[in-house]
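>>> predicted model, plus sequence, below.
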Amino acid sequence: MLAVNVTKLLRETPDGPDAALRVCSETTWPISHSALERSGDELMAVDGDRIAGVFTIRDAVRDERTNEVRLVLEPAPHWEWVIGQQAPVNMRPKTVRVVAAVFVDQLRERQPSLADAKQGWRLQVAPDGRSATVYGPSARLVVTGLGAGRAELTLNEESS
């Protein structure tokens, strides 16, 4: 995995859910041939010390005149959970950095377990198994019961 510092670039770009993807796709990056070959499968966009996005690198086009690379990226949904978390690398003062495999493995170990239930319900379990978050098909969730090791949730359709 490669990491790029998008801190300044994001400050100059209108906000939006795809801002990090747009910035990373529209910018040329000083990536060496060896770094691209060795670690050019995924790209982490780092804003300050936080992860702004992680993308799959589909292709890389090198400008032979400047030796900089324009990346063809696509979203990496399996990394969405990491957005906003502490970046595993310090990007200051670097523009591009290789993320060591040990750091990528540590991130993967922290990935919450996610189970999609039927009818729009999802359960996300923390990696240590000590907490969980339930997502319902609507914002109108109500806790209707608590018991030994269980919680009951229902949709309150009467709420506005």
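Sure, I can see it.

>>> please make it C-alpha for all contacts and neighbour counts, starting now.
Noted.

>>> and stretch 45-59, what's buried?
Along stretch 45-59, these residues count as buried under the neighbour rule (16 or more other Cα atoms under 10 Å): 45-57.

>>> give me the contact list for that stretch.
3-7, 10, 20-21, 24, 40-44, 71-76, 79-80, 82-87, 90-91 (Cα atoms under 8 Å, 6 or more residues apart in numbering).

>>> chain center to whichever strand or helix holds residue 58: distance?
According to DSSP states H and E, residue 58 maps onto strand 50-62. Computed by Cα atoms, centre = their mean, to the nearest Å, the chain-centroid distance of strand 50-62 equals 11 Å.

>>> same deal with stretch 8-26?
14 Å.

>>> nearest residue to residue 155 other than its sequence neighbours?
Spatial nearest neighbour of residue 155, excluding adjacent residues (Cα to Cα, 6 or more residues apart in numbering): residue 141 at 4.8 Å.

>>> picking that back up, I'd like the next helix or strand past the strand holding residue 58.
Going down the chain from strand 50-62, the next helix or strand is strand 69-75, by DSSP H and E.

>>> any idea how far residue 86 is from the closest residue in space to residue 125 that isn't next to it in sequence?
Nearest residue to residue 125 in three dimensions, chain neighbours excluded: residue 132, at 4.3 Å (Cα to Cα, 6+ apart). The gap separating residue 132 from residue 86 is 21 Å, by Cα to Cα, to the nearest Å.

>>> for the residue nearest to residue 125, give me its contacts.
By Cα under 8 Å, 6+ apart, residue 132 lies in contact with 123, 124, 125, 126.

>>> can you name the residues bridging to the second one?
Legend: beta-bridge partners of residue 124 under DSSP bridges are residue 114, residue 133.

>>> for residue 20, grab the count of nearby residues.
Neighbours of residue 20 under the rule other Cα atoms under 10 Å: 25.

>>> cool, the one 4 residues further on as well?
Counted by other Cα under 10 Å, the residues lying close to residue 24 total 24.

>>> what does residue 61 give?
What residue 61 shows, counting by other Cα under 10 Å, is a neighbour count of 12.

>>> for the worst-scoring helix or strand of the chain on mean pLDDT, which outside residues touch it?
Least confident helix or strand, the chain: strand 113-116 with a mean of 72, by mean pLDDT, DSSP states H and E. Identification of contacts with strand 113-116 by Cα under 8 Å, 6+ apart yields 122, 123, 124, 125, 126, 127.
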